[in-house]
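A.B. asks: sequence? don't have it. structure:
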């Protein structure tokens, strides 16, 4: 049997039937860390993925990292050196982005419930605030007047369309995110009247999409909407963040996103913006797409149990560390993430087994009846595609088990 396709497709290497992370055998990495479970992120896989993306995307389009996908400080510091900007979603993320060395000029802040202290933090830092209500405009205007520091703002727009076939729809219809497109002109008038420094628009319509044609359609509609709204803006548009939506394959039958048509579409949109919004730079904001394939979650087999003929590999990791892999992170139908026995990628023998965690709930399931190398206590289970929405998106306090380690290799 050959090396599983998802290993090769995401750029992982295997030597002597053992997965390598950052050129180091998984078994040695586990010994170095000193405990399981852990998350490991391979900076080479990240860098190669971004290089491939930049080969297709026009150089005029700026690439921002959506930090909510993975806010590990070491990873964010690495990203700060290879992307053009960082988008944050809380005051805590803003501190990490600033500590990582990203210039405040290239940091933006979105989120539907920014507190006054967070807005004050953003103002003092000199970052761009994607305002999502007149309340935020009022607070920023008051803080700007009191401090003598001008607030940089863009308007996050809830568009009158959605990203078709997206795993999570962030725009179109009633949404808690942004300002409804039809209400934006009035907010733009208020921004101008209150003396804030208007810079542009943030229009994010959906995420986790594997259909290039859907992403291209949403990008075209986004630019058309921005051009219409710019007529009411108090200043020329300097930045147009068209969001992301780029998905990664998790489940059987899913194929990687085709980048060539998206790159060609963005070339056309850059030309369109050069005429209609000559001062604007186009931004795409990606999180999962940049870091998801470069991360793995690793736990150790503690026990091997056979119940009425079915094999259960009981591990020291589970949904409290990786909620998404358990199928409890918004999935309508539970599907298996790519899972392998990391120190026996192919193995001498194969079997059908389920991988479960230590929690007292049947929901603690990392792999359901998968074809895996035959494993014993001490072996290492690897969940691939785990670089995004892993540790910080999981209920770590559930049943009070220890937190996993995180390493950047």
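C.D. replies: Received it, and whenever you're ready, just let me know what you need. Just so you know, these numbers come straight off a predicted model, no measurement behind them.
A.B. asks: Settle this for me: residue 116 is touching residue 138, isn't it.
C.D. replies: No. Using CB atoms under 8 Å, residue 116 makes no contact with residue 138, being 10.2 Å away. For the C-beta atoms, the positions are set from N, CA and C on the backbone; glycine is no exception.
A.B. asks: SS state for residue 63?
C.D. replies: strand (DSSP: H, G, I helix; E, B strand; the rest coil).
A.B. asks: I meant to write residue 285 there.
C.D. replies: Under three-state DSSP, residue 285 falls in the strand class.
A.B. asks: need the next SSE after the lengthiest strand in the chain, C-terminal direction.
C.D. replies: Using DSSP state E, we find that the single longest strand of the chain is strand 295-307. Downstream of strand 295-307, the next assigned helix or strand under DSSP states H and E is strand 310-315.
A.B. asks: Show me what the following helix or strand past that following strand is in contact with.
C.D. replies: Remark: after strand 310-315, the chain's next helix or strand is strand 339-341, criterion DSSP H and E. If you take CB atoms under 8 Å, 6 or more residues apart in numbering as the criterion, strand 339-341 is touched by 4, 7, 19, 325, 347, 355, 366-367, 370, 372-373, 375, 379-384.
A.B. asks: Same question for stretch 25-35.
C.D. replies: So stretch 25-35 is contacted by 15-16, 18-22, 24, 36, 38, 40, 298, 300, 342-343, 380, 382, 405, 407, 409 (CB under 8 Å, 6+ apart).
A.B. asks: Just these: which are in strands?
C.D. replies: If you go by DSSP E, the contacts of stretch 25-35 have 15, 18-21, 24, 38, 40, 298, 300, 380, 382, 405, 407 in strands.
A.B. asks: Mind giving me the ChimeraX select for those residues, buried ones only?
C.D. replies: Selection of buried members from the ones in strands among the contacts of stretch 25-35 for ChimeraX, criterion 16 or more other CB atoms under 10 Å:
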select :18,19,20,21,24,38,40,298,300,380,382,405,407
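A.B. asks: Let me know the closest of the ones in strands among the contacts of stretch 25-35 to residue 98.
C.D. replies: When those are ranked by distance to residue 98 (CB to CB), residue 407 comes first, at 23.0 Å.
A.B. asks: so what's the closest one closest to, chain neighbours aside?
C.D. replies: residue 40 (5.1 Å; CB to CB, 6 or more residues apart in numbering).
A.B. asks: helices or strands up against the longest strand of the chain?
C.D. replies: Using 3 or more CB pairs under 8 Å, 6 or more residues apart in numbering; DSSP states H and E, the elements in contact with strand 295-307 are helix 26-33, strand 38-41, strand 310-315, strand 380-383.
A.B. asks: winner for burial among the ones you listed?
C.D. replies: strand 380-383 (a mean of 26; mean count of other CB atoms under 10 Å).
A.B. asks: Relative to that one, what are the paired strands and their orientations?
C.D. replies: If you go by DSSP bridges, strand 380-383 pairs up with strand 295-307 (antiparallel), strand 339-341 (antiparallel).
A.B. asks: residues of the longest strand of the chain that come out buried?
C.D. replies: Buried positions in strand 295-307, judged by neighbour count with 16+ other CB under 10 Å: 295-301.
A.B. asks: just to revisit the earlier point, which one of the ones in strands among the contacts of stretch 25-35 sits closest to residue 251?
C.D. replies: Nearest to residue 251 among the ones in strands among the contacts of stretch 25-35, with distances taken as CB to CB, is residue 382, at 16.4 Å.
A.B. asks: Please report the distance of the residue nearest to the closest one when sequence neighbours are not counted from residue 314.
C.D. replies: The shortest distance from residue 382 to any non-neighbouring residue, by CB to CB, 6+ apart, is to residue 342 (3.8 Å). As defined by CB to CB, to the nearest Å, residue 342 lies at a distance of 17 Å from residue 314.
A.B. asks: Check residue 356 too.
C.D. replies: Relative to residue 314, and taking CB to CB, residue 356 is found at 6 Å.
A.B. asks: now do residue 202
C.D. replies: Using CB to CB, one gets 45 Å for the distance from residue 202 to residue 314.
A.B. asks: next one: residue 373
C.D. replies: As judged by CB to CB, residue 373 and residue 314 stand 17 Å apart.
A.B. asks: Going by residue numbers, what spans are helices in this structure?
C.D. replies: Taking DSSP state H to define them, one finds helices in the chain at 5-9, 26-33, 43-56, 73-80, 91-99, 116-125, 134-147, 184-193, 212-230, 259-276, 288-291.
A.B. asks: ranking those helices by mean pLDDT, which is last?
C.D. replies: Comparing mean pLDDT across the helices of the chain, the weakest is helix 5-9, with a mean of 75.
A.B. asks: For the closest residue to residue 310 other than its chain neighbours, name its beta-bridge partners.
C.D. replies: Distances taken as CB to CB, 6+ apart place residue 354 nearest to residue 310, at 6.9 Å, with adjacent residues excluded. Bridge pairing for residue 354 (DSSP bridges) gives the partners residue 312.
A.B. asks: show me the contacts for residue 354.
C.D. replies: Contact analysis of residue 354 by CB under 8 Å, 6+ apart lists 310-313, 365, 367-370.
A.B. asks: again with residue 13
C.D. replies: The contact partners of residue 13, taken as CB under 8 Å, 6+ apart, are 19-20, 23.
A.B. asks: And the pLDDT for it?
C.D. replies: 92.
A.B. asks: likewise residue 177?
C.D. replies: Note on residue 177: pLDDT of 69.
A.B. asks: Can you verify my assumption that residue 279 contacts residue 236?
C.D. replies: Yes. Checked against CB under 8 Å, the pair residue 279 and residue 236 is within contact range at 4.6 Å.
A.B. asks: related to what we said a few turns ago, using a markdown table, please lay out the contacts of residue 354 together with pLDDT.
C.D. replies: Below are the contacts of residue 354 laid out as a markdown table (pLDDT from 0 to 100):
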| residue | pLDDT |
| --- | --- |
| 310 | 97 |
| 311 | 98 |
| 312 | 98 |
| 313 | 98 |
| 365 | 97 |
| 367 | 97 |
| 368 | 97 |
| 369 | 97 |
| 370 | 97 |
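A.B. asks: Next, give me the two most distant ones among these.
C.D. replies: Longest span within the contacts of residue 354, CB to CB: 311 and 365, 13.5 Å.
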